[in-house]
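Peer 1: what's the 3D shape of this:
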Amino acid sequence: MAITSRLQKRLTAVRVLAATAAVSSLLLVTACGGSEAEAGAGEGDYGTLDLNLSWIKNAEFAGEYFADTNGYYDEAGFSEVNLIAGGPGGTSSETMVLSGGALVGTSSPMGVAPVIVEEDAPLKIIGTTYQKNPFAIVSLDGNPITAPADLEGKRIGVQAGVNETLFDALMEVNGIDPSSLEKVPVQYDPQPLINGDVDGFFGYLTNEVLTLELSGHKTAVLPFADNGLPFIAESFVTTDENIETRRDELKAFLRATLRGWKDAVADPDESARLAVEVYGADLNLDLAKEKMQAEEQNSKLVVTEETEANGLFTISDELIEDNLAILKLAGYDLAKEDVFDLSLLAEVYEENPELK
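Peer 2: Okay, here's the model as predicted:
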């Protein structure tokens with residue numbers, strides 16, 4: 001199916017937002033990728049770990065909180081941990097990693113592909129927390145939207161930027177005529193759905209859906225991952241230069257973060273507490289909602305049959321091909337080796353089989 005010019009314009013806009021600042025500072029990556037990698041296969045002395053998060057510091061990053069709190073990053077050779085919040089007003093992981101502002105960032109194939117294709121950016125995904133993306137159109141039970149065809153004739157609240165790009169892709173892959181619905185600009189608060197200003201709202205299964213349910217609203221959802229957009233999410237992104245010159249440091253990061261996520265999967269209560277009381281203490285997060293988020297992401301996004309067989313953060317060949325097919329539909333014709341380098345994760349599991 002050919003991509004529409006409307007969707008191509010949106011994708012180009014996202015590429016500009018993600019890459020404008022990054023391209024001008026590519027040389028900094030080389031400057032920051034030096035001798036710290038020569039630490040051997042075990043723990044080294046890597047200094048500060050700068051990790052750029054894709055969103056605010058809620059339970060979405062529980063594994064990283066455990067890895068920091070329980071000393072796993074310290075044991076891996078990082079003397080200090082700097083978790084850089086994303087979200088509204090934040091800097092994209094692609095920009096931060098390319099500029100040398102972070103060793104690793106969390107993103108998705110849709111985030112990295114435009115920068116790779118349009119700017120020849122040396123980025124790779126080296127593992128992923130979410131096997132499925134949490135994007136969804138959420139609606140209220142009295143006027144449910146649970147299938148792509150239900151979008152027709154509806155008013156759908158969509159945030160500008162990447163979310164609008166993803167919504168356009170959802171329509172494209174499901175053959176929905178954009179003129180058959182009204183796309184309403186909104187922010188991230190689902191209040192317009194409650195007020196009746198929109199019939200559906202672009203949100204997360206692990207965020208806005210839970211917020212609405214906890215406030216007494218029965219919801220219906222149209223998950224993107226089950227309707228033609230099987231993107232992975234919260235994927236770890238770094239540069240080719242880092243992979244070459246800071247390989248042991250990246251493996252140390254993966255080992256420690258794997259340990260943290262194993263703890264997070266085993267303890268959603270503590271995941272929520274760390275988000276509410278420690279890492280997101282200034283955000284006025286709701287403990288009940290964060291606990292539900294931790295439970296939902298563990299059971300629906302992080303742990304799957306594939307990860308139970310192969311380990312957390314792994315990405316099956318089939319899932320990679322699914323992601324590449326959707327990227328191609330969106331105008332980014334890339335091969336596996338253009339987007340993914342899972343060799344570090346494979347080495348981590350080979351050297352540390354107990355982490356599976």
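Peer 1: Would you map the helices across the stretch 1-150 of the chain?
Peer 2: 5-23, 27-32, 62-69, 72-76, 93-99, 109-119 (DSSP state H, counting those that start in this stretch).
Peer 1: what angle do the helix or strand harbouring residue 255 and helix 62-69 make?
Peer 2: Counting by DSSP states H and E, the element that carries residue 255 is helix 247-266. Put simply, helix 247-266 runs at 110 degrees to helix 62-69, going by axes from the mean of the first three to the mean of the last three C-alpha atoms, to 10 degrees.
Peer 1: what does the helix or strand following helix 247-266 contact?
Peer 2: Per DSSP H and E, helix 247-266 leads on to helix 268-273 as the next helix or strand towards the C-terminus. The contact list for helix 268-273 (C-beta atoms under 8 Å, 6 or more residues apart in numbering) reads 59, 62, 65-66, 263-264, 287, 290-291, 293-295, 298. Yep, even glycine has a C-beta here, placed from its N, CA and C like the rest.
Peer 1: cool, stretch 332-350 as well?
Peer 2: 11, 109, 112-114, 116-117, 124-127, 240, 243, 247, 250-251, 254-255, 258, 310-311, 313-315, 320-321, 323-324, 327-328, 355-356.
Peer 1: Repeat that for stretch 205-221.
Peer 2: Contacts for stretch 205-221 (C-beta under 8 Å, 6+ apart): 58-60, 134-141, 144-146, 188, 190, 193-194, 201, 203, 223, 286, 288-289, 292-293, 296-297, 300-301.
Peer 1: The most centrally placed residue in the chain and residue 51: what is the separation?
Peer 2: A centroid search over the chain (C-alpha atoms, centre = their mean) returns residue 234, at 2.4 Å, as the residue closest to the centre. The gap separating residue 234 from residue 51 is 12 Å, by C-beta to C-beta, to the nearest Å.
Peer 1: for residue 254, same thing?
Peer 2: 12 Å.
Peer 1: Also residue 343?
Peer 2: 20 Å.
Peer 1: Among those two, which residue is more densely surrounded?
Peer 2: Shown here are residue 343 and residue 51; by other C-beta atoms under 10 Å, residue 51 has more neighbours (26 against 13).
Peer 1: thinking the more buried one is in contact with residue 84, fair?
Peer 2: Yes - in this structure, residue 51 is within contact of residue 84 by C-beta atoms under 8 Å, at 6.6 Å.
Peer 1: Can you give me every residue that contacts the closest residue to residue 285 other than its chain neighbours?
Peer 2: Once flanking residues are discounted, residue 285 sits nearest to residue 276: 4.6 Å by C-beta to C-beta, 6 or more residues apart in numbering. Residue 276 sits next to 285-287, 290 when contact means C-beta under 8 Å, 6+ apart.
Peer 1: let's go with 7 Å and repeat that
Peer 2: Residue 276 makes contact with 285, 287, 290, according to C-beta atoms under 7 Å, 6 or more residues apart in numbering.
Peer 1: Make TSV from those and add distance to residue 79 to it.
Peer 2: Shown next, in TSV, are the contacts of residue 276 (distance: C-beta to C-beta, whole Å):
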residue	distance to residue 79
285	28
287	31
290	29
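Peer 1: Now the buried members of those.
Peer 2: Buried members of those, scored by 16 or more other C-beta atoms under 10 Å, are 285, 290.
Peer 1: In helices only, show me the contacts of residue 276.
Peer 2: Judged by DSSP state H, these include 287, 290 as members of helices.
Peer 1: which one of the contacts of residue 276 is nearest residue 161?
Peer 2: residue 285 (23.1 Å; C-beta to C-beta).
Peer 1: And the pLDDT at that closest one?
Peer 2: Listed pLDDT for residue 285 reads 97.
Peer 1: How about the residue nearest to the centre of the chain: what's its closest non-neighbour residue?
Peer 2: Residue 234 sits nearest to residue 129 (C-beta to C-beta, 6+ apart), 3.9 Å away.
Peer 1: what does residue 186 give?
Peer 2: Here the residue nearest residue 186, using C-beta to C-beta, 6+ apart, is residue 157, at 3.7 Å.
Peer 1: quick one: low-confidence parts of the chain?
Peer 2: Along the chain, the model assigns pLDDT under 70 to residues 1-43.
Peer 1: What segments of it are strands?
Peer 2: 47-52, 78-84, 104-107, 123-130, 135-140, 155-158, 182-185, 200-204, 219-223, 233-239 (DSSP state E).
Peer 1: Reformat the ones you listed as a markdown table; add distance to residue 70.
Peer 2: Converted to a markdown table, the strands of the chain look like this (distance: least, C-beta to C-beta, whole Å):
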| stretch | distance to residue 70 |
| --- | --- |
| strand 47-52 | 14 |
| strand 78-84 | 12 |
| strand 104-107 | 19 |
| strand 123-130 | 17 |
| strand 135-140 | 31 |
| strand 155-158 | 39 |
| strand 182-185 | 42 |
| strand 200-204 | 26 |
| strand 219-223 | 32 |
| strand 233-239 | 19 |
